[in-house]
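K.L.:
Attaching a predicted model along with its sequence, questions to come.
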Amino acid sequence: MIYRRFHTAGRFPMLGLLLLGLFFLLLFFFLRLVFVVLFYLSPVMLVLLLVLNAGLLLDYLRALGARIRENPGAGLLQTGLSLLFLPFVLAYLLSQALINKQLKASRKPEPEREWTAFEELESHIPRKKTDSQDFV
């Protein structure tokens, strides 16, 4: 009796697949809701992006153009996906613009500090004389 069989399916062998399907269905509805909300916020995000950092959008468009020139197939695919997922692209670029703004605000130069006057003091450190026996 060394070998035993373990049946983990029990009475409902398809329950795992049913739960997995339900999970993916809920995930699909959640992502669709996020996409719809971002889609309606896209004009607002575009205006905010242009106000905060228009160069960021221009850099992204230049990068797409460069990708199309060097590899037309991949460049057109990336451009098409960027248009298809425009709300997510705009959200990403807007978050990048906000982070850049925060970094620029934190990098403000510090005001000039006055140097404190100091006086150099003489110090004498006693040294032990070396003996030739120390090196043997």
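P.N.:
Arrived safely. Numbers count the residues shown, from 1 in each chain.

K.L.:
Scan this structure for its longest helix.
P.N.:
helix 15-70 (DSSP state H).

K.L.:
CA-only coordinates of the following helix or strand past that helix in CSV, if you can.
P.N.:
Next in sequence after helix 15-70, counting helices and strands by DSSP states H and E, comes helix 72-84. Taking C-alpha atoms only, helix 72-84 is exported to CSV below (Å, rounded to 0.1, in the frame of the first residue of the first chain):
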residue,chain,number,x,y,z
PRO,A,72,7.4,50.6,-40.9
GLY,A,73,5.5,47.4,-39.8
ALA,A,74,6.3,47.8,-36.1
GLY,A,75,5.9,51.5,-36.2
LEU,A,76,2.5,51.4,-37.8
LEU,A,77,1.4,48.7,-35.3
GLN,A,78,2.6,50.8,-32.4
THR,A,79,0.9,53.9,-33.8
GLY,A,80,-2.4,51.9,-34.2
LEU,A,81,-2.2,50.5,-30.7
SER,A,82,-1.5,54.0,-29.4
LEU,A,83,-4.6,55.3,-31.1
LEU,A,84,-6.6,52.3,-29.9
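
K.L.:
Could you point out the helix or strand that follows helix 72-84?
P.N.:
In N-to-C order, the element after helix 72-84 by DSSP H and E is helix 86-106.

K.L.:
quick one: that following helix to helix 72-84, angle?
P.N.:
Using axes from the mean of the first three to the mean of the last three Cα atoms, to 10 degrees, the inter-axis angle of helix 86-106 relative to helix 72-84 is 90 degrees.

K.L.:
Who are the packing partners of the longest helix of the chain?
P.N.:
Judged by 3 or more Cβ pairs under 8 Å, 6 or more residues apart in numbering; DSSP states H and E, the packing partners of helix 15-70 are helix 72-84, helix 86-106. All C-beta spots, glycine's among them, are computed from the backbone N, C-alpha and C.

K.L.:
and the angle for it with helix 72-84?
P.N.:
120 degrees.

K.L.:
how far is helix 15-70 from where the chain is centred?
P.N.:
Here helix 15-70 shows a centroid-to-chain-centroid distance of 15 Å under the convention Cα atoms, centre = their mean, to the nearest Å.
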